[in-house]
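1. Here you go, sequence then predicted model.
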Amino acid sequence: MIREIIQTDYPQLMNIWESAVLNTHDFLKEEDFNYYKEQIPGYFEHVTLVGFEVDNVLVGFMGIAEGNLEMLFIHNDYRGQGIGKKLIQYGTDQLKVSKVDVNEQNIQAVDFYKHIGFHVLSRSELDGQGKEYPILHMGL
């Protein structure tokens, strides 16, 4: 089930984020993982958050701002079950999502976005925090 996220969901969002990132972002240095882990809760206030529940437990979420998919994370135990695709379909249909920025080194994510119709528009050498993690800017 897809639903809006409320502030009391934030601890579970962090559990999902950590599970997802530890299993998909093997290129991240440990100090950068810890840096982003501290930063992520502050981003929640600046995006529209939507979650996906299985048996009344949040297992995935996305954050959207101005048509840009700012974050999409699925708990590792639920990856590969179509949850990300369902969330993005909701995002494109209901929230006008048409763009996403993705770590170039996260090959699984790049391939996923290409598979559902996104294509690379441009590339940045650094991420939004100025760290050396190239970003692909993708659009529908």
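-> Here it is on my side, so go on.

2. Does the residue nearest to the spatial centre of the chain belong to a helix, a strand or coil?
-> The centroid of the chain falls nearest to residue 72 when counting by CA atoms, centre = their mean (2.0 Å). Under DSSP: H, G, I helix; E, B strand; the rest coil, the three-state class of residue 72 is strand.

3. list the contacts for it?
-> 60-63, 84, 87-88, 100 (CB atoms under 8 Å, 6 or more residues apart in numbering). C-beta coordinates here come from the backbone N, C-alpha and C atoms, glycine included.

4. need those residues in CSV with distance to residue 11, can you?
-> As requested, those are exported to CSV (distance: CB to CB, whole Å):
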residue, distance to residue 11
60, 15
61, 12
62, 18
63, 16
84, 21
87, 20
88, 24
100, 25
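
5. Between these, which sits nearest residue 45?
-> Ranked by distance to residue 45 (CB to CB), the contacts of residue 72 are led by residue 63 at 10.1 Å.

6. ok, and the closest non-adjacent residue to that closest one?
-> residue 47 (3.4 Å; CB to CB, 6 or more residues apart in numbering).

7. Quick one: buried ones out of the contacts of residue 72?
-> 60-63, 84, 87-88, 100 (16 or more other CB atoms under 10 Å).

8. among those residues, which are in helices?
-> 84, 87-88 (DSSP state H).

9. residue boundaries of the helices in this structure?
-> 10-24, 30-44, 83-94, 107-115.

10. Mind putting these into JSON lines with mean pLDDT?
-> Listed next are the helices of the chain as JSON lines, based on pLDDT from 0 to 100:
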{"stretch": "helix 10-24", "mean pLDDT": "94"}
{"stretch": "helix 30-44", "mean pLDDT": "91"}
{"stretch": "helix 83-94", "mean pLDDT": "96"}
{"stretch": "helix 107-115", "mean pLDDT": "94"}
